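Q: my questions are about this predicted structure, shown below with the sequence.
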There are 4 protein chains.
Amino acid sequence: MSQFSASVQEAIDKIREDVARLHGELTRYELVVWTGGNVSGRIPGEDLFVIKPSGVAYDDLAADNMILCTLDGEVVPGTPGSDRSPSSDTAAHAYVYRNMDNVGGVVHTHSTYATAWAARGQEIPCHITGMADEFGGPIPVGPFAIIGDDSIGRGIVATLDGHRSRAVLMQNHGVFTIGKDAKDAVKAAVMCEDVARTTHIALQGGPLIDIPQDKIDALFDRYQNVYGQPGTAAGEGDSK
Amino acid sequence: MSQFSASVQEAIDKIREDVARLHGELTRYELVVWTGGNVSGRIPGEDLFVIKPSGVAYDDLAADNMILCTLDGEVVPGTPGSDRSPSSDTAAHAYVYRNMDNVGGVVHTHSTYATAWAARGQEIPCHITGMADEFGGPIPVGPFAIIGDDSIGRGIVATLDGHRSRAVLMQNHGVFTIGKDAKDAVKAAVMCEDVARTTHIALQGGPLIDIPQDKIDALFDRYQNVYGQPGTAAGEGDSK
Amino acid sequence: MSQFSASVQEAIDKIREDVARLHGELTRYELVVWTGGNVSGRIPGEDLFVIKPSGVAYDDLAADNMILCTLDGEVVPGTPGSDRSPSSDTAAHAYVYRNMDNVGGVVHTHSTYATAWAARGQEIPCHITGMADEFGGPIPVGPFAIIGDDSIGRGIVATLDGHRSRAVLMQNHGVFTIGKDAKDAVKAAVMCEDVARTTHIALQGGPLIDIPQDKIDALFDRYQNVYGQPGTAAGEGDSK
Amino acid sequence: MSQFSASVQEAIDKIREDVARLHGELTRYELVVWTGGNVSGRIPGEDLFVIKPSGVAYDDLAADNMILCTLDGEVVPGTPGSDRSPSSDTAAHAYVYRNMDNVGGVVHTHSTYATAWAARGQEIPCHITGMADEFGGPIPVGPFAIIGDDSIGRGIVATLDGHRSRAVLMQNHGVFTIGKDAKDAVKAAVMCEDVARTTHIALQGGPLIDIPQDKIDALFDRYQNVYGQPGTAAGEGDSK
């Protein structure tokens, strides 16, 4: 018998499905190689989230081997997948959930172009209207931090809290993105690599034209509030 | 019962199928990520066109969820898909159909290399014979314009009306292409990215050799008038 | 009843199958977009070859819609596919077969990196041992020539006749490759793009180390004569 | 009847399956074109290894056509696949197994970005934390050596013996990787291309930020000893 109420168990089951399936977007858009990237999703209203197991191939991911964790990053015993270790990035995901209440999903990748900007410690400037829609300006760089304590999580939160961007380039490392749910964070990871690549390639050919700040503001405002199907979340439009 | 005559309904059904299916070429050639690109097709002889719904994943597109619009960009009530919003770029597509009678299809993407040229505000010069075949010379840049009124549509029409090229690089934004039908516009989008990429990469290695203007003219003229299967449209040959 | 002897008909059927199927390698390795590339294969011992129809999608190619031509590039009436036009590059393929007896297959693409070298009119220098194996040195540039007469065919033959390379970069245009059969020419097209890309990328990072000429000679000689399964053609080894 | 004991035969069968299947990772990550790359795996505790046949398409590889060889690189007569020639790189693989007891798998590719570094004779510097995890520092360059004797094998061993990196860039040639088993060597080949590409692209945009040596050391140490599922090998974590 489940240790959770029926409605919480139903929510957990749904997030397990979502998180397992959404890893397929990381491979579809070639944001990851081997096992090097992960998605997590918060159980709405609970101090719980679901994350990828460590070192399992993307082909082998399924709802049942996703791992349920507390916001301290501890595996919840007696739940499916709890015999495995969660992603080695679990502490960073957990830190974000503990410190950013409005975050429902976190994604981590080392996607090529975004990581290239991160290796130079350069933010991605905003020269494309679709980037203004999605990120509202530049994608910032977070501090150099290595695994082993909360320093990665702290760097993510310190950089993104209050920032328009849902993506941060962790210096010399890779990308973390946040979203209202796991799908939204995955979308941010996909769009981050897309604008990292397009802006990189554009700059190889010469200087870029600036977009006036008021236009960036107008695009971001409209995109967050208008686009997409009625009743769906912001950021679901097809114009970026 | 349909609000259209049998023959018009048949035409609508065919264009719905075509437009839904043709989005698959945008993903096949990696011109789009997430939901960021759209195809539309005019109903021949009618003041109507079919376009992608907003914010729906490419995997989920089907004839039945395409959206039928008037040339003012309004959804036709009581038709399949009319409970959804059409693409947020619908106004731009509609403007093109209202102002360019010979256009039967419109495509919008943010394909990587074409958008890189657009971010620099540079036209793509014509140094490849296949580009001369297809576009008859450079691919031009249109004005900076943002969503919210007819300025994108006006920029497309002002740039492409009377121009050999069926593709325009909208500054800091992406690509719009036109064609005699939706397939032809999709082909232009595919070929635009191909020449944008090849020309970018070529220039990274040094200066390019010019093609004499009279040869560009001869290639364009021949390709529009000779190639392809007897009875098929121009531009269907396999030589570009 | 076939207009050919049973054994010739059998050979034609086999080449039709081979040529139709081998186009799948052009799409697998992303050497082509839309309908922009073609493969042909000579019927051994006959003044005939099989080539792609013009303007037909790669997904729709099958043995039965390949087109049988004479070495003058004329479609053989009354054969499968003869109601269609052959590739608009048929004259170039035919010229090569008429003038190079040892050529059993011809391929044409506008693959990205090879065409980039062609747009600069630069041969691809040989700095990779696998290129020495396969091409025995640089891949040469052929003249600027446009469709409409035998000038493309003449340029290919003038450049490749007596040359180690089975690939030629036609200036401002794209690639033609030759081989002992269609598969061998396809392999040359695949490897040409591979070395064009690797050498381009290598040069973006700084100067390349030369391979001594005697080592290039030794690699080419060994690869042509030793590798692969006993009884199979040269160039089938997996060491390049 | 098998010439091996039941347990050895079982081990051989398993390695045949692994080696055949693992070639699929080379194509999945686009490390190879045509037949240009190979995987081998040692039979644990025996002086035997299994390797790809020469010149066979990746689509056609199966456990039964993999080739069993002695550590001298000789095909074991009377075993499945022994009527074929092994990969032309067999001598290099054999040399590594003879001289590095802890190596259970070897992979060779000409993956694009790694080969680009090899053509310049430049090691790949370590500016990405995932590279510190996986390789513990730079990926070194091995000597120029051509096929025909033990010089390639000697160059691999001389470069990698005692080195943290499991990958070596053979000058003007391509990549060899080693691992505790075939899968581990394949992972090294995948990650090598990934860091070669990311570092190349990063450098195109300007200078990279250094990672302090003690952080590289800490990352490498942790990754080798901590990550992954309990009981699995080092290097299986999803954090790089």
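A: Received the coordinates, thanks. A quick note: this is a predicted structure, and the numbers were derived from the prediction, not measured.
Q: need the pLDDT of A:Ser239.
A: A:Ser239 is assigned a pLDDT of 40 by the prediction.
Q: now the helix or strand of chain A with the lowest mean pLDDT - C-alpha only, PDB.
A: Here the helix or strand of chain A ranked lowest by mean pLDDT, DSSP states H and E is helix A:213-225, holding a mean of 94. In PDB, the C-alpha atoms belonging to helix A:213-225 read as follows (Å, rounded to 0.1, in the frame of the first residue of the first chain):
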ATOM      1  CA  GLN A 213      15.900  47.400 -25.000                       C
ATOM      2  CA  ASP A 214      12.200  48.600 -25.200                       C
ATOM      3  CA  LYS A 215      11.600  46.100 -27.900                       C
ATOM      4  CA  ILE A 216      13.200  43.300 -25.900                       C
ATOM      5  CA  ASP A 217      10.900  44.300 -23.000                       C
ATOM      6  CA  ALA A 218       7.800  44.300 -25.200                       C
ATOM      7  CA  LEU A 219       8.600  40.900 -26.700                       C
ATOM      8  CA  PHE A 220       9.200  39.300 -23.300                       C
ATOM      9  CA  ASP A 221       6.100  40.900 -21.800                       C
ATOM     10  CA  ARG A 222       3.900  39.800 -24.700                       C
ATOM     11  CA  TYR A 223       5.300  36.300 -24.800                       C
ATOM     12  CA  GLN A 224       4.800  35.600 -21.100                       C
ATOM     13  CA  ASN A 225       1.200  36.900 -21.200                       C
END
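Q: who does that helix touch, helix- and strand-wise?
A: Under the contact criterion of 3 or more CB pairs under 8 Å, 6 or more residues apart in numbering or on different chains; DSSP states H and E, helix A:213-225 touches helix A:129-135. All C-beta atoms are positioned from the backbone trio N, CA, C, and that covers glycine.
Q: strand partners of the helix or strand just after the helix it packs on, parallel vs antiparallel please.
A: Scanning forward in sequence from helix A:129-135 by DSSP states H and E, the next helix or strand is strand A:141-142. Paired strands of strand A:141-142, with direction, are strand A:167-170 (parallel) (DSSP bridges).
Q: point me to the residue of chain A nearest chain C.
A: A:Gln204 (9.1 Å; CB to the nearest CB).
Q: report the buried residues of the least confident helix or strand of chain A.
A: A:Lys215, A:Ile216, A:Leu219, A:Phe220, A:Arg222, A:Tyr223 (16 or more other CB atoms under 10 Å in any protein chain shown).
Q: now, the most widely separated pair of those residues?
A: Using CB to CB, the pair of the buried residues of helix A:213-225 lying farthest apart is A:Lys215 and A:Tyr223, separated by 12.3 Å.
Q: who touches both of those two?
A: Residues touching both A:Lys215 and A:Tyr223 by CB atoms under 8 Å, 6 or more residues apart in numbering or on different chains: A:Ala132.
Q: residue numbers of chain A in contact with chain D?
A: Residues of chain A lying close to chain D (CB under 8 Å from any CB of the partner chain) are A:33-38, A:52-56, A:84-85, A:87-89, A:110, A:112-113, A:115-117, A:119-122, A:144, A:146-148, A:171-174, A:200, A:203-204.
Q: out of these, which touch chain B?
A: Within the residues of chain A next to chain D, those near chain B by CB under 8 Å from any CB are A:Gln204.
Q: go through the residues of chain A next to chain D and flag which are in helices.
A: A:Thr112, A:Tyr113, A:Thr115, A:Ala116, A:Trp117, A:Ala119, A:Arg120, A:His200, A:Leu203, A:Gln204 (DSSP state H).
Q: adding pLDDT, write these out as CSV.
A: Listed next are those as CSV, based on pLDDT from 0 to 100:
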residue, pLDDT
A:Thr112, 98
A:Tyr113, 98
A:Thr115, 98
A:Ala116, 98
A:Trp117, 98
A:Ala119, 98
A:Arg120, 98
A:His200, 98
A:Leu203, 98
A:Gln204, 98
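Q: pick the one among these closest to chain B.
A: Looking across these and measuring by CB to the nearest CB, the closest to chain B is A:Gln204, at 6.4 Å.
Q: surely the closest one meets B:Ile201?
A: No: assessed by CB atoms under 8 Å, A:Gln204 is found out of contact with B:Ile201, at 9.5 Å.
Q: who has more neighbours, these two?
A: Counted by other CB atoms under 10 Å in any protein chain shown, A:Gln204 and B:Ile201 do not tie: B:Ile201 has more neighbours, with 23 against 17.
Q: is the more buried one in contact with C:Ala118, as I believe?
A: No: B:Ile201 lies out of contact with C:Ala118 (CB under 8 Å); the separation is 11.4 Å.
Q: quick one, strands of chain A?
A: A:37-42, A:48-51, A:67-70, A:105-109, A:141-142, A:167-170, A:174-179 (DSSP state E).
Q: and the fifth one, how far out from the chain middle?
A: Averaged C-alpha coordinates place strand A:141-142 at 14 Å from its chain's average position (CA atoms, centre = their mean, to the nearest Å).
Q: for stretch A:45-65, same thing?
A: Worked out by CA atoms, centre = their mean, stretch A:45-65 lies 15 Å from the chain centre.
Q: distance between the ends of that stretch?
A: This stretch, stretch A:45-65, spans 22 Å end to end (CA to CA, to the nearest Å).
Q: buried ones in it?
A: For stretch A:45-65, the neighbour count (16+ other CB under 10 Å) marks A:48-56, A:58, A:61, A:63, A:65 as buried.
Q: give me the mean pLDDT for it.
A: Here the average pLDDT along stretch A:45-65 is 96.
Q: now stretch A:175-188
A: Here the average pLDDT along stretch A:175-188 is 98.
Q: and it, does that touch chain B?
A: Yes: contact of stretch A:175-188 with chain B (CB under 8 Å from any CB) involves A:Lys187.
Q: buried set for that stretch?
A: So stretch A:175-188, judged by 16+ other CB under 10 Å, has buried residues A:175-188.
Q: now the ones in helices among the residues of chain A next to chain D: which count as buried?
A: Members of those classed as buried by 16+ other CB under 10 Å are A:Thr112, A:Tyr113, A:Thr115, A:Ala116, A:Trp117, A:Ala119, A:Arg120, A:His200, A:Leu203, A:Gln204.
Q: between the buried residues of helix A:213-225, which is closest to chain D?
A: A:Ile216 (22.0 Å).
Q: I'd assumed A:Phe135 was in contact with the closest one.
A: No: between A:Ile216 and A:Phe135 there is no contact under CB under 8 Å: 9.6 Å.
Q: are there residues contacting both of those two? Which ones?
A: Common neighbours of A:Ile216 and A:Phe135 (CB under 8 Å, 6+ apart) are A:Cys126.
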